[in-house]
Every structure is written in C-alpha cells, then in structure tokens.
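S.K.: 3D, please:
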Amino acid sequence: MKKLGNMLVLATSVMFASAANAALIEAQGGDSWTIAGTNGQINDYGLEGATGTVGSTIVSTSDAPILLTFEYLFKEAEFTNGFYVNGAQVFSTGSSNYGDTHQITWTGTGALNFHFTPGTLGIVTNAGNDGADPANFWTQWDGVSNSLIIALDDSGNRNDDDYDDMIIRITATQQVPEPATLALFGMGAIGLALARRRKQ
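M.R.: You can find the predicted model right below:
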C-alpha cells in the first residue's frame, strides 16, 4: 500500500510540475517596436522606451483549462475605445476604472478571443492584429512568464509611437483540477496498481 501511495504522489507531482514549467500564454509573430514615449503617463508604468512587438497574436499554449485575468491599466486617448472578450465588452476608456478586472476560464490552444474597438477605426482582433494597419496593438512579453501587456494605438499607423490609447494586462494561471477530477485520477491510479499487483 505504501508503494501505491508513493505512485499517486509521484503521478500528481508530475502532472502539476509539467503544467507549471511552461508558459500558458505567449505572443507569436510580430515585429520589434520600441515605444518612444511622448507623454508622462505611459512612463509611470515603465513603458516609455520599452521594446516589444507590433502585430503579434496572443495564444494559449495549454490544452488544460486556464484562468485568464484581463486588467485595465490606463489610457491616454480622445477616442472612446472598447475592449471585448468572447464578443462581450468588458472595458471602455469612457467608463472603466483603472484596475478593473475581468476573468474567464479558457480551454484549448490557439488565439485568444479578444478585440479592441478603436473609436471609428473599426475592429482590431487578436488573430488579425497587423502592425501596418491604422489601428493595431503592441505587446510586451518576457518570453517565459504567464503575464503580458497589450497596448492599443488608435491614432493611425503609429503616428505618435506611444501605444498608450488603451493598455491591458493579461495574466494566465493554471486551473486547479476539481475534486471530482482528482478523485477520478486517483481511482485510475489505484486500478492500475491493483492490476499490476495481480499480475505479480
């Protein structure tokens, strides 16, 4: 029985360790771009002179469910810009407060389903983010963490180079399996151990 307990602990540890070691979200593609920083507000967040990418797509890299937290950081825009997740508006530069958050559970790999509505310039989708378009977003990601910044430019083909018209932080965390899932996993491991014992 001690051997069975050790097997369960080892299997559970491996399951969580493999999930914890890889980034759950990442930025794919895009071109390097350094924000010139033409106002003091963006510098308050350490983004003046920061290098990231324009034209990136933000993707989930995990098949397992992840918790996504979207946080509205700030804006410096005359347009009323919106931010939508799964087709529903969650932030607006006209009404949202800095620090407001929105959470969803996301399952599956591929492009996350969000978009910006930059004033009258149409829609900037995550999967269709093109750094050459009049409106697009800049991304800062360190290449390993599960948190990144996306920053909208609504002013037309990077005219002001500051990407401060709507700034969102996206953070991904691994969902802890529900008790029922853990119970099923445990029962399966016990069944395997008993079958192996019978063979011996």
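S.K.: Show me what the one helix or strand A172 maps to is packed up against.
M.R.: Under the criterion of DSSP states H and E, A172 resides in strand 166-174. Under the contact criterion of 3 or more CB pairs under 8 Å, 6 or more residues apart in numbering; DSSP states H and E, strand 166-174 touches helix 2-20, strand 66-74, strand 81-85, strand 147-153. For every residue, glycine as well, the C-beta is placed using N, CA and C.
S.K.: Next secondary structure after the first one?
M.R.: Under the assignment DSSP H and E, the closest C-terminal helix or strand after helix 2-20 is strand 25-28.
S.K.: can you pull the buried residues of that following strand?
M.R.: The neighbour-count check on strand 25-28 (16 or more other CB atoms under 10 Å) flags 25-27 as buried.
S.K.: what's the answer for stretch 76-86, then?
M.R.: 76-77, 79-85.
S.K.: Show me the contact partners of that stretch.
M.R.: 39, 41-42, 70, 72, 75, 89-94, 102, 104, 113-121, 152, 154, 162, 164-166, 168 (CB atoms under 8 Å, 6 or more residues apart in numbering).
S.K.: weakest of the helices and strands packed on strand 166-174 by average pLDDT?
M.R.: For the helices and strands packed on strand 166-174, mean pLDDT drops lowest on helix 2-20, to a mean of 44.
S.K.: Identify, from the buried residues of stretch 76-86, the entry nearest to N136.
M.R.: Using CB to CB, N81 comes nearest to N136 of the buried residues of stretch 76-86, at 12.7 Å.
S.K.: That closest one and I190, how far apart?
M.R.: Distance of N81 to I190, computed by CB to CB, to the nearest Å: 54 Å.
S.K.: Equivalent analysis for G29, please.
M.R.: Here the criterion is CB to CB. By it, G29 lies 45 Å from I190.
S.K.: do D31 as well
M.R.: Applying CB to CB, the value for D31 to I190 is 53 Å.
S.K.: ditto for I35
M.R.: From I35 over to I190 (counting by CB to CB), the distance is 55 Å.
S.K.: okay, those two: which has more neighbours?
M.R.: I35 (24 against 13; other CB atoms under 10 Å).
S.K.: show me the contacts for the more buried one.
M.R.: I35 neighbours (CB under 8 Å, 6+ apart): 42, 47-52, 138, 151, 161-164.
S.K.: which intervals of this protein have sub-threshold pLDDT?
M.R.: 1-21, 37-46, 156-161, 176-189, 191-200 (pLDDT under 70).
S.K.: which residues does the closest residue to I25 other than its chain neighbours bridge with?
M.R.: Spatial nearest neighbour of I25, excluding adjacent residues (CB to CB, 6 or more residues apart in numbering): A172 at 4.5 Å. Beta-bridge partners of A172, counted by DSSP bridges, are L68.
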